[in-house]
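Q: Okay, predicted coordinates and the sequence, questions at the end:
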Amino acid sequence: SLRTDLMQSQLRNGFRQASYVTDHELRETVRLQEQKRTLQLLTIPASIDRLQSQEVSEAEVTDHYEQNGHRYEVAEQVSLEYIELSVATLMAGVVVEETELQKLYEERKESLVADEERNARHILIELADGANEETTSAAEARLAEVESKLAAGEPFEALAEQYSDDPGSATAGGDLGFFPRGIMVPEFDQVVFAMAEGETSAPVRTPFGYHLIRLQEIQTAEIRPFEGVREELMVELKRRAADELFYEQSETMSNIAYEEPDSLEGAAASAGGEIQRSELFSRQGGEGVSARPGVVQAAFSDLVLKDGKNSDPIELADDHIVILRLNEHRPVSKKLLEEVRSEVVEAILTARSRSEAETQGKQWVEQLQQQERSEQQIVTESLLEWGKERRIGRDAGEVSTEVVAHAFRMAIPGENRKGYAGVTLSGGEYVIVALSRVEEGRLDEMESAKQQAMRLEVSERNMRSHYQSYIASLLDEAEVTVYEDQL
C-alpha cells in the first residue's frame, strides 16, 4: 500500500542520513577499487586441431550419446488446422456499385478540396547561420551581383543555373515545382504565399542562406474531381461493408466453433472460408500464423493439446481473428545415434580439447610458479605467444571479465618476481596470467569530483548493508507464520 511504501521509504532515508564514511574507509576503498595491475596473458586455445589424437572409439560415442541424450532431442512439435477471418480478406469480396460511389462523392464533395499550391523558382546563395564576416561579405557580394543581372533583364532560369547553391533545383533553372503551404521553411513559405504570379521577391533570409524567389503559377484551392477520389471512396465503402461483415461473421464463426468443438468445418463454412494447415512448430513458434505468440500459446494449451478441442478466437489484430485446433502432435523425441554421430564425435573432441588445454595450462602455471620452466621455454615448445604487457583496472574493457576477476584475486608478487595463475574461459580456452606489478589506488591523486562520487557510493553501500541487517534482526525477533499452502 501507499502507506507502507512511504513508511519504508522514510526508514531507508533515516539510514541514509545516518550513514557516515570515515576518511580511512574512503582511502581503503580507493586503494582497492582504483588499483592497477600490470600483466601479460598466454592463451592456450581449446582447438581440436591441437589435439594429440583425434581418434574416438565406438564406446566413447555410445557413452556420450547416452549420458547427454538431452542434447540430441527433437523438441515437442505440433501442426494446426485453422481458419482465419479478417477485414482485409472480406474487403476483396465486396462489390461497390457506381451509384454508391457517386452518392458518397456528392455527400463529401465540399470536404474534398485540394489545397492551394504554388509553383516557384529560386536562387539560393548559401550562407550558414553564424558564418564569419568574410564568408558573409562574399555571399552578400554574390547576391548583389545576381540582383543586378536580374534588374538588367537577364533570365531568372539562366541565373539560377549559374549562381544557385541548391543542387536539387539549380540544373532545372531553380524550378521547385508545385508545393502546398507548410512544405518549405517558414521564412520562405510566408513570402511565396504572399506573392503574385510573375513577381520576384527581395532577398529572403533562411537557415540555408539568401533566396531570390520567382512565383511562376498559382493553383487555387478547388474541389477534387470524382475520378481523382474514386479509389479513396471505393476503399472507404469496401471497408465500411467489410467491417459489418467481420462483426457478423466473427460472432457466428466463434459460436459454431464453440458449439462444434471437434471440428472446424462448420465454422469455416459459416464464413465461406477454408481450413488451412500449418507446418510443424515447437513452443518457440514457427512461420506465418504460427509465429504469433497468441497462436503458439493456444496451440500448446490444455484445451487444444490435451482435450483436442477448438481454441477460443485469437485476436491477431482488431480486425483479424483465427480459430485453431490440433492437426498433429509429436512429443519430445531423441534423434537416432546415426543421425547425430558427427555431432557426437565433434562434442567429444571439443571436450577433449578443453580438457587438454586446461591440463597443459595448469602444468605450465605450476612450473612457472616453481621456476622450473621459463616463459620463453613455453613459447618455444608450444609455438604460442605471450600477449603485450597491459596495465589494467577492474573495469578494463579490453580484457575478458573472467580474466580481470581472476587477475585481481591473485596475490601480490614479491619484488622483482612475477605471480602466475590460470583461468578457464567460457569458450574453453585456458589463459595463463603473468602478474608483474600492483599499484594501489591513491585518494590524493583523485579529482575532487570523483572523490565525492566515491564517498557517496560507499555511503550508499553502507546504508544498504545497515538497512538489510536491521530488517534481518527484526525477522529474527518476530514470530512469523508462513502458510506454505497459500504460496
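A: Sure thing, it's come through.
Q: Show me the strands in the stretch 101-250 of the chain, by range?
A: With DSSP state E, counting those that start in this stretch as the criterion, the stretch 101-250 of the chain has strands at 113-114, 117-126, 175-180, 204-206, 209-219, 222-223.
Q: out of the ones you listed, nearest to A291?
A: Checking the strands of the stretch 101-250 of the chain against A291 by CB to CB gives strand 175-180 as the closest, at 41.4 Å. Glycine gets a C-beta too; all of them are placed from N, C-alpha and C.
Q: Could you list every helix and strand in contact with that closest one?
A: strand 117-126, strand 209-219 (3 or more CB pairs under 8 Å, 6 or more residues apart in numbering; DSSP states H and E).
Q: before we move on, the earlier item: deepest of the strands of the stretch 101-250 of the chain, which one?
A: strand 117-126 (a mean of 22; mean count of other CB atoms under 10 Å).
Q: and that one with strand 209-219, angle?
A: 170 degrees (axes from the mean of the first three to the mean of the last three CA atoms, to 10 degrees).
Q: What strands line up against strand 117-126, and which way round?
A: strand 175-180 (antiparallel), strand 209-219 (antiparallel) (DSSP bridges).
Q: CSV for those strands, including mean pLDDT and distance to G393?
A: Converted to CSV, these look like this (pLDDT from 0 to 100; distance: least, CB to CB, whole Å):
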stretch, mean pLDDT, distance to G393
strand 175-180, 93, 58
strand 209-219, 94, 50
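Q: so where do the helices sit in the stretch 251-400 of the chain?
A: Here the stretch 251-400 of the chain has its helices, by DSSP state H, counting those that start in this stretch, at 265-270, 293-299, 337-369, 375-382.
Q: I should have written the stretch 1-150 of the chain there, sorry.
A: Under DSSP H, counting those that start in this stretch, the stretch 1-150 of the chain gives helices at 2-18, 23-33, 58-67, 87-92, 98-108, 133-151.
Q: wait, what's in contact with E97?
A: If a contact means CB atoms under 8 Å, 6 or more residues apart in numbering, then E97 has no contacts.
Q: one step back: output the helices of the stretch 1-150 of the chain in CSV, with mean pLDDT, mean neighbour count and distance to R409 appended to each entry.
A: Converted to CSV, the helices of the stretch 1-150 of the chain look like this (pLDDT from 0 to 100; neighbours: other CB atoms under 10 Å; distance: least, CB to CB, whole Å):
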stretch, mean pLDDT, mean neighbour count, distance to R409
helix 2-18, 76, 11, 31
helix 23-33, 89, 14, 12
helix 58-67, 95, 13, 33
helix 87-92, 92, 16, 62
helix 98-108, 86, 13, 77
helix 133-151, 94, 13, 61
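Q: which stretch among those comes nearest E439?
A: Set against E439 and scored by CB to CB, these come closest in helix 23-33, at 10.1 Å.
Q: Not counting that closest one itself, show me its contacts.
A: With CB under 8 Å, 6+ apart, helix 23-33 has contacts from R394, E440, G441, R442, L443, M446, Q451, M454, R455, V458.
Q: SS state for the third one?
A: The assignment at G441 comes out as coil when based on DSSP: H, G, I helix; E, B strand; the rest coil.
Q: right, and it touches Q35 too?
A: Yes. Using CB atoms under 8 Å, G441 is in contact with Q35, at 5.2 Å.
Q: Looking at these two, which is more packed in?
A: Between G441 and Q35, counted using other CB atoms under 10 Å, G441 has the larger neighbour count: 19 against 16.
Q: quick one: pLDDT of the more buried one?
A: Note on G441: pLDDT of 92.
Q: Against Q8, how distant is G14?
A: G14 sits 11 Å away from Q8, going by CB to CB, to the nearest Å.
Q: what do these two both touch?
A: By CB under 8 Å, 6+ apart, no residue touches both G14 and Q8.
Q: quick one: low-confidence parts of this protein?
A: 1, 487 (pLDDT under 70).
Q: Adding distance to A138 and mean neighbour count, write the helices of the stretch 251-400 of the chain out as CSV.
A: Shown next, in CSV, are the helices of the stretch 251-400 of the chain (distance: least, CB to CB, whole Å; neighbours: other CB atoms under 10 Å):
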stretch, distance to A138, mean neighbour count
helix 265-270, 76, 18
helix 293-299, 62, 19
helix 337-369, 68, 16
helix 375-382, 65, 13
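Q: which stretch among those comes nearest E477?
A: Closest approach to E477 among these (CB to CB): helix 293-299, 46.0 Å.
Q: Quick check: S79 touching E328?
A: Yes. With contact defined as CB under 8 Å, S79 reaches E328; the gap is 4.5 Å.
Q: contacts for stretch 122-132?
A: Residues from elsewhere that reach stretch 122-132, judged by CB under 8 Å, 6+ apart: 135-136, 139, 142-143, 146, 156, 159-160, 163-166, 169, 174, 176, 188, 207-214.
Q: circling back to that earlier point, wait, which of the strands of the stretch 101-250 of the chain is closest to A18?
A: Nearest to A18 among the strands of the stretch 101-250 of the chain is strand 204-206 (60.3 Å), distances taken as CB to CB.
Q: and the closest one, what does it pack onto?
A: helix 186-192, strand 209-219.
Q: What strands flank that strand, and is each parallel or antiparallel?
A: Strand 204-206 is paired, per DSSP bridges, with strand 209-219 (antiparallel).
Q: which residues are in contact with the partner strand?
A: If you take CB under 8 Å, 6+ apart as the criterion, strand 209-219 is touched by 116-128, 139-140, 143, 146-147, 150, 156, 165, 174-175, 178, 188, 191-192, 195-201, 203-205.
Q: Between the two ends of stretch 328-346, how far is it?
A: 33 Å (CA to CA, to the nearest Å).
Q: I should have written stretch 467-486 there, sorry.
A: Across stretch 467-486, the terminal residues are separated by 29 Å (CA to CA).
Q: Please, where are all the strands along the stretch 351-487 of the chain?
A: Assigned by DSSP E, counting those that start in this stretch, the stretch 351-487 of the chain shows strands spanning 390-392, 419-424, 430-439.
Q: Which of the ones you listed sits closest to A271?
A: Closest to A271 of the strands of the stretch 351-487 of the chain is strand 419-424 (CB to CB; 60.9 Å).
Q: Please list the residues outside that closest one that contact it.
A: Under the criterion CB under 8 Å, 6+ apart, residues 354, 357-358, 361-362, 364-365, 368-369, 402-403, 406-407, 410-413, 430-435 lie in contact with strand 419-424.
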